[in-house]
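J.: quick one, what's the 3D model for this:
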Amino acid sequence: MSEPPGDDFPRQYARQWAAQLVREFEGLCFQHRLDLPVPAIEFFTAEHQLGEWRAAGQTIRLNWRLIMERPWQVTINVFKHEMAHQLCGHWGYHQAGHGPLFDRACQRLGVPAAYRRASGDTPVLFDDLAAADTTLGEGRRFLAKVEKLLALGRSPNEHEAALAMRKANELIARHNLNLDADGEAPKRRYRRAVIDCGGRRIQGWQRTIGGILTSFFYVDLVLADTYEPRLNERHRSIELFGRAENVAVAEYCFHFLERELARLWQLRRQAGQTGGLAGKNSYYLGVLNGFRHKLQAQRQAPSLKTGGQEETSTSALVVAGDLGLREFISQTHPRLQRYHGAGSRIDQAAYRHGEQDGGALVLRHGVEHRAGNLGNFLP
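T.: Model (predicted):
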């Protein structure tokens, strides 16, 4: 039984959260071409319930601890689950429960499969997702192999570290080409990871990292927005889409590169390099370009496992040909638009220093799945 929020409810957030959820509701209706009346928004306290649709009062109710304790995309998926109940009522099926009509409503709203079950509005959901997200079978073995290879990048011997990175690159490419030919598309499990860019714009170097991921790590990306409920701020975000194991590797690589850019720039600053924000951004772009050239050279080198044959298939081609992934993305973003951003001014000296450092960059840590990161690995 749900109850009104208790004394521990952060009441200063109530109006802000309700207003944001109304904006999310209107955006979802626009994206999915729905004409639903805006519901009232309420928050409640409960131990065993995350959300609720009350048809009598045309109200969507959410457990406020869900918002405080889980990433915003989890809140939105629970919210969409309740919207699906509302949509069933709008169609005239007030007793649809969680049957076929409810599933049809979820399909229309792009509700991920794990959130469609009757447990989709209860905490049991998170236990199920934690077990499923580690991926099964071949995907789990693939992750274990990549983790070992990336861990070898810790070697102080530059040649050993570079060889480990090359082998990891080859393994990622071979794994995806094998999957592409296995005829098992209906069994593939896709995942979406949302990376908060931390501000109201996506930096040029963040876009460049995204380009590296789509070129070499078998994921697609969408530039979007997310909400930080404890700050009441909208942030720009990068959403990674792909097979579950590919997204896990790509998400790790994004944060690795993000950390390494800051570390390398700090070293350059300590060595006396200046240039302000323009110099920093130019240096970042140089590092990433150097790193991209290194990956490209390794991709074009004769494969250790193919008898010297050169690998000609690309990440982008494999992803573009994955019809299941295209459908998965379109369920979340049915009105996607593509555009090209404007270029930025480059400090050539800082850029060249960055290219030099990026050419020596090696992935140095394994892919880790920790219980504390549960929210980051939800589909």
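J.: residue 203 touches residue 277, doesn't it?
T.: No. The criterion here is CB atoms under 8 Å, and residue 203 misses it with residue 277 at 10.4 Å. Heads up, the C-betas are built off the backbone N, CA and C, glycines and all.
J.: and those two? Which one has more around it.
T.: Each of residue 203 and residue 277 has its neighbours counted (other CB atoms under 10 Å); residue 203 has more, 16 against 8.
J.: how many residues are close by residue 51?
T.: Residue 51 has 25 neighbours, counted by other CB under 10 Å.
J.: could I get the strand of greatest length in the chain in CSV with only the CA atoms?
T.: Assignment by DSSP state E gives strand 233-243 as the longest strand of the chain. The C-alpha trace of strand 233-243 is given here as CSV (Å, rounded to 0.1, in the frame of the first residue of the first chain):
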residue,chain,number,x,y,z
GLU,A,233,19.2,20.9,-14.2
ARG,A,234,18.9,19.6,-17.8
HIS,A,235,22.2,18.3,-19.1
ARG,A,236,23.2,17.3,-22.6
SER,A,237,24.0,13.6,-22.9
ILE,A,238,25.5,11.0,-25.2
GLU,A,239,23.5,7.8,-25.5
LEU,A,240,25.3,4.6,-26.6
PHE,A,241,23.2,1.9,-28.3
GLY,A,242,24.4,-1.6,-29.2
ARG,A,243,24.7,-5.2,-28.2
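J.: buried ones in that strand?
T.: 235-243 (16 or more other CB atoms under 10 Å).
J.: pLDDT and distance to residue 39 for the residues you listed - can I get that in CSV?
T.: CSV is the format used below for these (pLDDT from 0 to 100; distance: CB to CB, whole Å):
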residue, pLDDT, distance to residue 39
235, 95, 25
236, 95, 27
237, 96, 25
238, 95, 30
239, 95, 26
240, 95, 31
241, 94, 29
242, 91, 33
243, 87, 35
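J.: what is the subsequent helix or strand relative to the helix or strand where residue 265 lies?
T.: Using DSSP states H and E, residue 265 sits in helix 244-270. Next along the chain after helix 244-270, taking DSSP H and E as the criterion, comes helix 276-300.
J.: quick one: low-confidence ranges for the stretch 251-379 of the chain?
T.: In the predicted model of the stretch 251-379 of the chain, residues 274, 300-314, 339-345, 363-379 satisfy pLDDT under 70.
J.: switch to 50 and redo it
T.: Applying pLDDT under 50 to the stretch 251-379 of the chain picks out residues 302-313, 368-379.
J.: ok, now the stretch 51-200 of the chain?
T.: 131-134, 185-186.
J.: strands of that one, residue ranges please.
T.: With DSSP state E, counting those that start in this stretch as the criterion, the stretch 51-200 of the chain has strands at 51-54, 59-63, 190-196.
J.: and the longest one, which strands flank it?
T.: Based on DSSP bridges, the pairing partners of strand 190-196 within the sheet are strand 233-243 (antiparallel).
J.: closest one to residue 6 among the strands of the stretch 51-200 of the chain?
T.: With CB to CB as the criterion, residue 6 lies closest to strand 59-63 of these, at 11.7 Å.
J.: circling back to that earlier point, check which residues of the helix holding residue 265 are buried.
T.: Neighbour-count burial for helix 244-270, counted by 16+ other CB under 10 Å, picks out 244-254, 256-258, 260-261, 264-265, 268.
J.: could you do stretch 270-283 as well?
T.: Within stretch 270-283, the residues that count as buried by 16+ other CB under 10 Å are 275, 279-283.
J.: tell me the spacing between residue 358 and residue 206.
T.: In this view, residue 358 and residue 206 are 15 Å apart by CB to CB, to the nearest Å.
J.: oh sorry, the question was meant for residue 9
T.: From residue 9 to residue 206 the distance is 35 Å (CB to CB).
J.: one step back: can I get the strands of the stretch 51-200 of the chain in a markdown table including distance to residue 317?
T.: Compiled in a markdown table, those are given as follows (distance: least, CB to CB, whole Å):
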| stretch | distance to residue 317 |
| --- | --- |
| strand 51-54 | 40 |
| strand 59-63 | 42 |
| strand 190-196 | 18 |
